[in-house]
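>>> Compute the structure for the input listed below.
(chains A, B, C and D)
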Protein chains: 2
Amino acid sequence: MKMAITIKDVARKANVSTATVSLVIHDHRRISSSTKHRVRSAIEELNYHPVRSARGLASQKSGNIGFIVTDDHFSRSEPFYTQIFLGTEFQARESEYYVLLTTVPADFDERQNIPRFVLEKNVEGIIIAGKVPHKLVKLLEDFNIPLVFIDYISSQVTHPVVMIDNVSGGLMATEHLIDCGHADIAFIAGDIQHPSIFERYQGYKMALEKAQIPFRPELIVIDEPYPARKYGYHAAMKLVSRKKRFSAIFTCNDAMAIGVIQYLKEAGMPVPSTVSIIGFDDVEANLSLDPPLTTVRVPKVDMGMEAIKLMTEILQKRPTGPRKILMPVELVIRKSTCINSN
Amino acid sequence: MKMAITIKDVARKANVSTATVSLVIHDHRRISSSTKHRVRSAIEELNYHPVRSARGLASQKSGNIGFIVTDDHFSRSEPFYTQIFLGTEFQARESEYYVLLTTVPADFDERQNIPRFVLEKNVEGIIIAGKVPHKLVKLLEDFNIPLVFIDYISSQVTHPVVMIDNVSGGLMATEHLIDCGHADIAFIAGDIQHPSIFERYQGYKMALEKAQIPFRPELIVIDEPYPARKYGYHAAMKLVSRKKRFSAIFTCNDAMAIGVIQYLKEAGMPVPSTVSIIGFDDVEANLSLDPPLTTVRVPKVDMGMEAIKLMTEILQKRPTGPRKILMPVELVIRKSTCINSN
DNA sequence: GTGAAAGCGCTAACAT
DNA sequence: ATGTTAGCGCTTTCAC
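Residues are numbered from 1 along each chain as shown, chains lettered A, B, ... in the order given. Okay, here's the model as predicted:
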């Protein structure tokens, strides 16, 4: 590879030392503004850009931020984590970082496959999106690397985290149903242990309470293992088989809602004419579902951006700002909910 | 940051020079297997991992591969490019590379925002997925960095590329329709200039020819700007308004097919009972469409993997293997096509 | 306010 | 077959 412009060339051209150039690059205050100008124009003229590896080696900072998500989360058809990742990418560019994505198996296994970027000291911090095996988190903690979580927090430890305002969302969703005149509102969820899911459930209960609608356990199906379509389908089947009266369902996420709708359709209970459905995530925004799904929108891209902001603050040792960010959600009314006509 | 294990520690422990350790790491042949063993166990015992930045600086190789896709491609709801990216990630891990993703605006603008990773010499090669502005390619070429394309090739230049076997796919799709007894088969596409789309069109024509079915221009709608849902909807409307007889449609991709189906549904022409539809990409694999879409599956993850393989071959200067890879496609029969009952 | 110089951890000639 | 050593391009004390 032919030699490119280095800091030396700039130094020579601007008649200063390389140290000065470096200081100018970092906008150090103790450089007179006249030299700053001189150096900056030299940089411009030569179209100089510092080489990352060199900076990394000298400063012990790779300039990279890791992003970990389980493979099934990332490759699933709903682009939830993809959007979050995209957000990190946008913000990282802004902050002059690179983000290194790696997926880990959901059934992460002992001290084998620690992400290479931590071993090679190639990331300054790591963003963990969604639920990951607790073992992994433990391992990562041993490396003493800043961790920021998104939409999940491994219990026991306190790391900065970007969360969804799930309680408000759950409240919002349920209240929308109530506003539509529904009182027999079922709740369907998978992986109820998951903090986000659990919080949505809390929002559901709060809404009932506020409206003085009694909580009816027979309208609750929360023993599905995972909030995915097929389990939504299954849960709906279970719910229907109980032969209890209900006119609306709050499903813990859109993926499950799709499964629910599919089952109801097959069971001759069209949505929304016989049952109203509301989801959560707004992941299928323009997926042209039939009917279009009323849901609670989660600002996915923004969440990724916030995570990077949090991380850069930490990396720059500015202990400002909160360590736990609650992202606001928004009700999106489409066609899967309607006025209760009973 | 506290000092970690370096190559020196290993050298000391194994009673060799750092040079030897380095050679062992790269499995150089001129090291006796006895010292190799000794060094390797020292590495193991110390749990040593070379620091990326240092390697990068010394070898002038960042160990990173760039991945460029336009923002609208990556963030669209169909996870087509996401899957491809995931494939690169998998294979890169295998080959000990990192992949740095960056999105560029679809309306890429002059010499402003050249991806930072090329400026900072932080990638050894770049993978370009999908159609990108030609200006960008031109700029990239000036940097004399190896480029590998996926599913698109900027005309005029010859770079290695991983393509879909679109012609076969188009043939396959159309023949499936013909096998179902259809003869009045429409073709709908957007961005017909796009090589992949154009090739699918060729496959369509070939199939007609083989079956001795006359080509009827009145069944062709290929002037939509972009193969997205809304244009599918629009194209279907246009097709229907011509009041020509047709019993099946080959749509250039799944996204458009969804729009087509939606229009037909609204127009009282249910799929597949009145019209059969076949798409391309199999992007909506488990999107629970109604009806489930018959389509031509494209091996997205594999394409990403192949691109990295190609790239690593190039980076290792092994000029072996073909420079143009055609990925095989596969017919996936679901419920949107059926026997012609007319 | 600026420069000299010593690394950062590794690779790759060149010696031996 | 292995060791010596000079960098790679930048950052960062420490002098001046």
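
>>> The nearest residue to A:K238 once chain neighbours are set aside pairs with what?
Sequence neighbours aside, A:V221 is the residue nearest to A:K238 in space, at 5.3 Å (criterion: Cβ to Cβ, 6 or more residues apart in numbering or on different chains). All C-beta spots, glycine's among them, are computed from the backbone N, C-alpha and C. Legend: beta-bridge partners of A:V221 under DSSP bridges are A:I188.

>>> List phi and psi for A:V167.
Per-residue torsions, A:V167: phi -60, psi -50 (degrees, to the nearest 10).

>>> burial count for it?
A:V167 has 20 neighbours, counted by other Cβ atoms under 10 Å in any protein chain shown.

>>> mind checking the SS state of the residue of the stretch 151-300 of chain A at minimum distance from DNA strand C?
Taking Cβ to the nearest atom of the strand, DNA strand C has its nearest neighbour within the stretch 151-300 of chain A at A:H159, 26.0 Å off. What DSSP: H, G, I helix; E, B strand; the rest coil gives for A:H159 is coil.

>>> what's the answer for A:V99, then?
Recorded secondary structure, A:V99: strand (three-state DSSP).

>>> again, but for A:A173
Three-state call for A:A173 (three-state DSSP): helix.

>>> Tell me how many other residues crowd the residue in the stretch 151-300 of chain A positioned nearest to DNA strand D.
In the stretch 151-300 of chain A, the residue that lies nearest DNA strand D is A:P160 (23.6 Å; Cβ to the nearest atom of the strand). Per other Cβ under 10 Å, the neighbour tally for A:P160 reads 21.

>>> Can you show me the helices along chain A?
Along chain A, counting by DSSP state H, helices occupy A:7-14, A:18-25, A:33-46, A:52-59, A:71-75, A:80-94, A:116-119, A:134-142, A:166-179, A:195-210, A:229-241, A:254-266, A:300-315.

>>> Comparing those, which yields the minimum mean pLDDT?
Of all the helices of chain A, the minimum mean pLDDT falls on helix A:71-75 (a mean of 82).

>>> For the helices of chain A, could you give me JSON lines that also reports distance to B:T20?
Shown next, in JSON lines, are the helices of chain A (distance: least, Cβ to Cβ, whole Å):
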{"stretch": "helix A:7-14", "distance to B:T20": "32"}
{"stretch": "helix A:18-25", "distance to B:T20": "33"}
{"stretch": "helix A:33-46", "distance to B:T20": "39"}
{"stretch": "helix A:52-59", "distance to B:T20": "22"}
{"stretch": "helix A:71-75", "distance to B:T20": "38"}
{"stretch": "helix A:80-94", "distance to B:T20": "38"}
{"stretch": "helix A:116-119", "distance to B:T20": "22"}
{"stretch": "helix A:134-142", "distance to B:T20": "30"}
{"stretch": "helix A:166-179", "distance to B:T20": "56"}
{"stretch": "helix A:195-210", "distance to B:T20": "51"}
{"stretch": "helix A:229-241", "distance to B:T20": "56"}
{"stretch": "helix A:254-266", "distance to B:T20": "54"}
{"stretch": "helix A:300-315", "distance to B:T20": "36"}
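
>>> Tell me the pLDDT of the closest residue to A:L136 other than its chain neighbours.
Excluding its sequence neighbours, the residue lying closest to A:L136 (Cβ to Cβ, 6+ apart) is A:F108, at 4.8 Å. A:F108 is assigned 82 on the pLDDT scale.

>>> coming back round to it: for the residue of the stretch 151-300 of chain A closest to DNA strand D, give me the pLDDT.
The model reports A:P160 with a pLDDT of 92.

>>> Show the contacting residues for it.
Applying Cβ atoms under 8 Å, 6 or more residues apart in numbering or on different chains to A:P160 gives the contacts A:147-149, A:310-311, A:314, A:323-325.

>>> Buried ones only from those, please, as a ChimeraX command.
Buried subset of the contacts of A:P160, written as a ChimeraX selection, criterion 16 or more other Cβ atoms under 10 Å in any protein chain shown:
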select /A:147,148,149,310,311,314,325
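
>>> one step back: now do the contacts for the residue of the stretch 151-300 of chain A closest to DNA strand C.
Going by Cβ under 8 Å, 6+ apart, A:H159 touches A:147-149, A:153, A:323.

>>> Any chance of JSON lines for the residues you listed, columns pLDDT?
Compiled in JSON lines, the contacts of A:H159 are given as follows (pLDDT from 0 to 100):
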{"residue": "A:L147", "pLDDT": "93"}
{"residue": "A:V148", "pLDDT": "95"}
{"residue": "A:F149", "pLDDT": "95"}
{"residue": "A:I153", "pLDDT": "86"}
{"residue": "A:R323", "pLDDT": "85"}
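
>>> re the thing from before, quick one: the nearest residue to the residue of the stretch 151-300 of chain A closest to DNA strand D once chain neighbours are set aside from B:D179, how far?
Excluding its sequence neighbours, the residue lying closest to A:P160 (Cβ to Cβ, 6+ apart) is A:R323, at 4.3 Å. Counting by Cβ to Cβ, to the nearest Å, the gap from A:R323 to B:D179 is 61 Å.

>>> Same check on A:T82?
Relative to B:D179, A:T82 is positioned 36 Å away (criterion: Cβ to Cβ).

>>> Give me the distance between the nearest residue to A:A11 once chain neighbours are set aside and chain B.
Using Cβ to Cβ, 6+ apart and skipping residues adjacent in sequence, the residue nearest A:A11 is A:T18, 4.5 Å away. Per Cβ to the nearest Cβ, to the nearest Å, A:T18 is found 15 Å from chain B.

>>> thought the residue nearest to A:P160 was touching A:M163?
No - here A:R323 lies out of contact with A:M163, judged by Cβ atoms under 8 Å, at a distance of 11.1 Å.

>>> A:L208 against A:L177, yeah?
No - in this structure, A:L208 is not within contact of A:L177 by Cβ under 8 Å, at 10.0 Å.

>>> Look at the two and report which has more neighbours.
More crowded of A:L208 and A:L177, by other Cβ under 10 Å: A:L177, with 27 against 21.
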